[in-house]
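*Asks:* Would you be able to build a 3D model of this:
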Amino acid sequence: MSAAIVYWSQTGNTEAMANVLAEACGGEVIEWDGFSADQVADFDAFAFGCPAMGDEELDPDFEELWDSCKDELEDKPVVLFGSYDWGTGEWMDTWADNARESGVNVVATVIANLEPDEEAEEALKEAAAKLA
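*Replies:* Residues are numbered from 1 along each chain as shown. Predicted coordinates for the structure are as follows:
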């Protein structure tokens, strides 16, 4: 099974999470601006990663990419992940709820406060197993 790990990272923390996922599932790491909805058919599973921005929301440019992809995902397994600096991680709950309401097969979500620690890395490895 081929997996795409599509991410945006401002400080490198979400990128580190993407790399843990890729190592655990053998997926291909792709920066968000190098991916488009017409590539969705090329993969069997996905992980999309974006850090919390502003008032616990997705980066607007990344969200535009996400919105263009989500209807193409069909029943493919999807992991959502990202890092945050403050707050409670509410952006991830909102993102996952909206994705599920759109019919996306969200199999796991993982957040990390700043750089992923051992607990976050373990959660990423468990999520990766759901993509393989």
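
*Asks:* tell me the SS of the residue most central in space within the chain?
*Replies:* Centroid-nearest residue in the chain, with CA atoms, centre = their mean: residue 48, separated by 2.3 Å. Following DSSP: H, G, I helix; E, B strand; the rest coil, residue 48 is assigned to strand.

*Asks:* how about the closest residue to it other than its chain neighbours, secondary structure?
*Replies:* Residue nearest to residue 48 in three dimensions, not counting chain neighbours: residue 6, with 5.2 Å by CB to CB, 6 or more residues apart in numbering. Yep, even glycine has a C-beta here, placed from its N, CA and C like the rest. Three-state assignment for residue 6 (three-state DSSP): strand.

*Asks:* what do you get for residue 30?
*Replies:* Going by three-state DSSP: residue 30 is strand.

*Asks:* Extract the residue ranges of the chain that are flagged as low pLDDT.
*Replies:* Applying pLDDT under 70 to the chain picks out residues 1.

*Asks:* can you map out the strands along it?
*Replies:* Along the chain, the stretches classed as strands by DSSP state E are 3-7, 28-31, 45-49, 77-84, 105-113.

*Asks:* out of these, which comes closest to residue 13?
*Replies:* strand 77-84 (3.7 Å; CB to CB).

*Asks:* Name the strands paired with the closest one and say parallel or antiparallel.
*Replies:* Counting by DSSP bridges, the strands paired with strand 77-84 are strand 45-49 (parallel), strand 105-113 (parallel).
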